[in-house]
Each structure stands twice: as structure tokens, then as C-alpha cells.
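S.K.: need the 3D shape of this:
(2 chains)
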Amino acid sequence: MGKTLSEKVWDEHVVRSASGEPDLLFIDLHLLHEVTSPQAFDGLRLENRTVRRPDLTLATEDHNVPTIDWDKPIADPVSRTQVETLRKNCADFGVRLHPLGDVEQGIVHVVGPQLGLTQPGMTIVCGDSHTSTHGAFGAIAFGIGTSEVEHVLATQTLTQARPKTMAVTINGSLPEGVTAKDLVLTLITHIGTGGGQGYIVEYRGQAIEELSMEARMTVCNMSIEWGAKAGLIAPDQTTFDYLADKPEAPKGADWDAAVEHWKTLRTDDDATFDQEIVLDASTMTPFVTWGTNPGQGAPLGATIPSPDDFDEPNDKVATEKALHYMGLTAGTPLREVKVDTVFVGSCTNGRIEDLRLAASILEGRTVADDTRLLVVPGSVRVRLQAEAEGLDQVFIAAGAEWRGAGCSMCLGMNPDQLAPGERSASTSNRNFEGRQGKGGRTHLVSVPVAAATAVRGTLSSPADLAPIAALQEV
Amino acid sequence: MDAFTTHTGVGVPLKRSNVDTDQIIPAVYLKRVTRDGFEDGLFSAWRNDPDFVLNDPTYAEGSVLVAGPDFGTGSSREHAVWALQNYGFKVVISSRFADIFRGNSGKAGLLAAQVDEKVVQRLWDWLEDHPGGVITVDLESRTLRAGAGEDAIEDSFDIDDYTRWRLLEGLDDIGITLGHDDAITAFEAARPAWKPVTA
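M.R.: Just a heads-up that it's a prediction; the model follows:
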């Protein structure tokens, strides 16, 4: 019987397999950042251990760094200590680091792909749950805890039980104006936040094949939001074209050898998945969340649901608690929900295509009164590219704040936070209570919805905006 | 890591589903570079509420958390496990754990005991009738017990064999893997030359 894509990649990395034990899996690339690594390096020191493969390890500063005044010392002393600890650890153990101020600095999941270090058929881990992003290239990529970070540093392997396999097939094409973010938010509400638990998921079907690499990263990024171990997409010509000119991609004969292998990374026709889900992209619409987990979402054209709309007692209670926290009333049209802050950025939607899309909607328009728009590029390279294309000028002219690279308001670890009760429309990945700041209320949205919401001040899609010509006549 | 065989302690009902890692410990508390001191951030938003269960003196000695389904969803932060341990929890009982949280628990020595949803409900009911009551969790036999007499609860819980073995023995995962150094070296020698390197 044939194998699925994830089974092929898994099997290529098994160092040791024994009955009744998890597999010992080799890790091709280990990404580090300042928040989840300090205790792992301390553990190595305590046991007099070294980093086995510094040449397969890369660190960047992202979670805890400021997005303004990044050329000055970090103001918060505790944040500064954490960042300085990473610098010392990387120096002591010989790990390549892209620190604040470096041209390759940025969100770890934006940096790996843009350097070309993320390639098909690899195993990639990082002490961050959104490591699933790298699955867009046909890699098995997943988040790990700090004890596992230490394990990979010391051994370049992980002990892992073999997950089950799932296929998510998205047939048809996404309608104009509906994005990969809408697709994945629709999927999560359909399946629920625990639906992927224990599975490596392969996204496939026409709608997935039609996505750009960056859009595929948006889909795979959110795999963890419905509990999947990892999510991946079979590499194809889109993947190879994206990689061809990247600095760390194979060159010459190596490239040919690599592509020849990558072309074998497809689910065999006679392979079977443990579970399959099928959705139709052609019926999808702009989709937003109203609650406090990514599975509490609805089409933008819908109204806020009531606890009575749900059958399961747990869902009723969860809906009631979510509406209370979010300060929302059942039956209100989502389009009438007023938003204070719009955040465009994160490892979900902070790449150059996202910024181009946002700028195309904001060009000639202005951000609504009483609304704040924060645009945070995912990496320094993305920032420089955007500035070369003049996108920063579009954002600034519209009244947005144009920032430096980092995780920023996605998790509110640096000063970019919501105030208590403040409501955001955010292109990030989590709407948990307090995620973007204590008491903050988050609606997860796509980039076009974020941009249109910034202009109107209420949850909106570009279709709700007056044509620019009409605006100019007024 | 200390070996874990059995634990008896005050049960704490946390009647919520989808307790995500940002609820267990928000990101602003993740700036420390040590493994201790994270109890301050545990459930920090909810602890402002005087009615929150951890603010009830009955549960001051709580060490067995009984939570709703999908506990520990979201981030990979092992700080969520450390915060629970730093506060004094030894065991979390739930009908469903997020994968990364469960893995982190096993590595750090917090027992994540998975039970049927009905068992969680029975434990909640029992704790309502017996506030401050103790729950015993036996890893050797994979069973949990609460109370005696008519309303006593005795049931089994799930944990994978490998994690159970490591917890019972208190074994260092890295030490075990380094015992397979020959296998790792052989694997490395056979990797294709075109695989990327960072240095």
C-alpha cells in the first residue's frame, strides 16, 4: 500500500524505531527565539552538554522586541535581559543569531522561509506552536516545549509517537476577495479547536493548489489552532519557483538533486488517511471570529450567535462566557461591531503579499476617526521590500502606524498591547482572552477585512467601502 | 526529574472548557529566564475575580486540578506547565489535553491524566459535595480515587506507556537518547549533501 506525504517525510527521518516506544526522529532545522530557549541552554550547562549541530540551528529575536526605537536599548529591563540572554547563549554555543538591528531579523517563521532554509521534506521544530507555518513547503514542522528544545539542542533528535494522518481537501476555487485566512478560519469553525488533535494534516485540493506560497503559509500556520500536530502541503512548481532564488536554497547540481527528490513527496494514489474532511472553497466568504477561541467564528455577513444556537452544554457555556468577555450581544450584525485597533502583521499575515494587499485597499483612503491601525512587517526584509515599493507611504498617508519587525501585538509581549476593554480586528492567529493585552478583545480577520475595518471603524470587507472616485467628488 | 508514583491532594474544580495557555499564563509573564517563579502569572486574569476557585481558602492546598475539555490549547510555552507546578499542582485531570501541553507535562513531571468527560463531571459533583476533598492518583495502576462510601469515585485514566514509564522511573529523556548516539551518527552520515545548513 502507498504512503501519504507525511508518512514519507516521517519515515525518512526515523533514526531508531522500537516496539512500544516512540520513534527517535532526526531534526533537519531547529529554530530558536528568546522566550522559550533560555532554560534549555541552562539545562545544557548544568549537564555539561553541547549543541550537537549548531550548523542546523538558527536563532532570531522576535517575541519580546520593540517595534519602535529598535536601534536603542530595550526599555523594559526584564525583556532586555531575556534578549541579552539569547545573545550570550548563541555566542557561548556557536549558534547563528539574527539580532535586533540585523537585516535578517524578524519573526522566526517569516525568516526561515525567506532565507530558503525551509525546504520540502524537512523536519523543522521551534519552541513556538506556529512552527506549523513551515509545513507549506511539504515539511513536517511543529512546535515544541522548552524541555524538547533542550533535547534537540543536545541530540538533534526528538522522541515522537507517530501521529495519525488526516486529509483536508478543499475543492473549487476561492471567490474573488476571499483569502487563505478566510479559508482556514472557516475550516476551524467547521471542525472545532480540538478537531485536529493527534493528526498530521495534509491540505490538498484545487483551492490549496491555487494558493501562493505565502497564502499556503497562512493556512499551515493556523493548523495548531484546531489542535493538529502539524499541517503540510505537497510541494509543487509553486514551491520550487518560490525557493529557486532564495539565498540558502540548493544551487546547481544540488538543486537538481533536491528537486528530483522533492517531486517524490506526494501522497501515493493508493495511500489512505485515517480521516478525511472535504470542504468547498467556492461557497466561502470573508470570515471573522466573534468569540475567545479561533473556532468561534462566522461569516462577516452573519449576526453574533446566541448560546441557544448550540446543542452541546459545553458550547452553550463557552458561548455565554465568550460573549460576556467580548462585550457582545447575540443577534447584533457583525458588521456593526465597532473596532478600536486594527493590527496587520504576525507570522500568519505579516509577509509582503499581505502588506501589498492591505496597501491596495488603503491607497487613497484614510483610517476612521477613533481607530488605530498598526502595520507590523514580519521581518526586516519584508519592511525593506515594502518601503522599496512605497507601501509604507500608503500606510502613513492613510494614518497608520508603520513599525519595525516582530511578533508585536499578536501576543502583546512587547509594549504593543490592547488596553482593557479595547477591541481589535487582528490578522494574527489567536483571539484568546487577554492574548493581545489584559482585558483586550480580539476578532481574527483576513488582511482585506482588516484594511476595510480600519477605514470604516466597524468590521467590514472591501466590498463595503465607497469607491475612491466617489470619495474624491465629495 | 523526580519519580512520580502516586499523589494524594486537594482537588480543585476548574469548570471551564478550552482553558488555553494564554489563560494559564499570559505572555507578559514569560520574560523570566529561569524555570521558577511563574506561579504569579498562573490564571492571572481570573485571579482578580474574588469568586475564582483559587481565591477560595478551601482550595489553598490544592494540588489536583480537575478541568474541562481541551485543556492547554494554544502556545507551546512550557511555562504553562511550570506555572502550575510552581503554584503547587502535581496533577491535571481533563477529558482532552492539547498535544503540546501534554508533551510538556510529561517532560517536566506534571501528570496529565486523561479521563472520560463523565468522570470529570462526577469529580466536579463530588467536590461540590465535599469541598476541600482529596483525590488520589495512582500512576502505577492508572487509577484515581476520591472519597469513601456510597458516593466514592474510583476510575481509570489514560496516559501513554512511554510517558508513564519515564515518570515512574524519573528518567532524563536526553540521557536516554544520548544512549543511542551511534544510531544518530549513522543517520547523519547518510543525509543528502544538499540539505541546508545555517553555518
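
S.K.: what are the C-alpha coordinates of the longest helix seen in chain B, in CSV please?
M.R.: Taking DSSP state H as the criterion, chain B has its longest helix at helix B:117-129. The C-alpha coordinates for helix B:117-129 follow below in CSV (Å, rounded to 0.1, in the frame of the first residue of the first chain):
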residue,chain,number,x,y,z
GLU,B,117,-15.8,13.5,30.3
LYS,B,118,-18.3,11.8,32.6
VAL,B,119,-15.6,11.3,35.2
VAL,B,120,-14.7,15.0,35.1
GLN,B,121,-18.4,15.8,35.8
ARG,B,122,-18.6,13.2,38.6
LEU,B,123,-15.4,14.7,40.2
TRP,B,124,-16.9,18.2,39.9
ASP,B,125,-20.1,17.0,41.6
TRP,B,126,-18.2,15.2,44.3
LEU,B,127,-16.0,18.2,45.0
GLU,B,128,-19.2,20.3,45.3
ASP,B,129,-20.4,17.9,47.9
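
S.K.: who's in contact with the closest residue to A:S147 other than its chain neighbours?
M.R.: Distance criterion Cβ to Cβ, 6 or more residues apart in numbering or on different chains; nearest residue to A:S147, sequence neighbours excluded, is B:K107 at 3.5 Å. From N, CA and C alone the C-beta is placed, and that goes for glycine too. Neighbouring residues of B:K107 by Cβ atoms under 8 Å, 6 or more residues apart in numbering or on different chains: A:145, A:147-148, A:151, B:78, B:173.

S.K.: just to revisit the earlier point, strands paired with the helix or strand just after the longest helix of chain B, and their directions?
M.R.: With elements assigned by DSSP states H and E, the helix or strand that comes after helix B:117-129 is strand B:134-138. Sheet pairing for strand B:134-138, assigned by DSSP bridges, gives strand B:6-14 (antiparallel), strand B:143-146 (antiparallel).

S.K.: how distant is strand B:134-138 from the center of its chain?
M.R.: On the basis of Cα atoms, centre = their mean, to the nearest Å, strand B:134-138 sits 14 Å off its chain's mean C-alpha point.

S.K.: neighbouring contacts of it?
M.R.: B:5-11, B:64, B:66, B:90-91, B:93, B:111, B:113, B:123, B:143-146, B:157.

S.K.: still on that earlier bit, can you redo the strands paired with strand B:134-138 as JSON lines with mean neighbour count and mean pLDDT?
M.R.: Formatted as JSON lines, the strands paired with strand B:134-138 follow (neighbours: other Cβ atoms under 10 Å in any protein chain shown; pLDDT from 0 to 100):
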{"stretch": "strand B:6-14", "mean neighbour count": "19", "mean pLDDT": "98"}
{"stretch": "strand B:143-146", "mean neighbour count": "19", "mean pLDDT": "98"}
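
S.K.: hmm, who's touching the longest helix of chain B?
M.R.: B:11-13, B:15, B:66-69, B:93-95, B:133, B:135, B:144, B:146-147, B:151, B:153, B:155, B:157.

S.K.: which residues in it does the neighbour count mark as buried?
M.R.: B:119-120, B:122-124, B:126-127 (16 or more other Cβ atoms under 10 Å in any protein chain shown).

S.K.: can you check stretch A:92-103 too?
M.R.: Neighbour-count burial for stretch A:92-103 flags A:93, A:95-100 (criterion: 16+ other Cβ under 10 Å).

S.K.: may I see the buried residues of stretch A:39-46?
M.R.: Buried positions in stretch A:39-46, judged by neighbour count with 16+ other Cβ under 10 Å: A:39-44.

S.K.: ok, stretch A:421-435 next?
M.R.: A:422-435.

S.K.: can you give me the helices in chain B?
M.R.: B:21-24, B:79-87, B:99-108, B:117-129, B:161-169, B:173-178, B:181-189.

S.K.: over to the stretch 301-450 of chain A?
M.R.: A:313-326, A:346-349, A:352-362, A:380-388, A:391-398, A:447-456 (DSSP state H, counting those that start in this stretch).

S.K.: of the ones you listed, which approaches A:V339 most closely?
M.R.: A:V339 lies closest, by Cβ to Cβ, to one member of these: helix A:447-456, at 5.4 Å.

S.K.: that closest one packs against which elements?
M.R.: Judged by 3 or more Cβ pairs under 8 Å, 6 or more residues apart in numbering or on different chains; DSSP states H and E, helix A:447-456 is in contact with strand A:341-344, helix A:352-362, strand A:423-426.

S.K.: pull the longest strand from chain A.
M.R.: Ranked by residue count, the top strand of chain A under DSSP state E comes out as strand A:164-171.

S.K.: check the secondary structure at the residue in the stretch 251-400 of chain A that chain B sits nearest to for me.
M.R.: Distances between the stretch 251-400 of chain A and chain B by Cβ to the nearest Cβ are smallest at A:D254, namely 3.8 Å. At A:D254 the chain is in helix, as set by DSSP: H, G, I helix; E, B strand; the rest coil.

S.K.: state the pLDDT value of it.
M.R.: In this model, A:D254 is scored at 97, pLDDT.

S.K.: one more: B:D2?
M.R.: Reported pLDDT for B:D2: 83.
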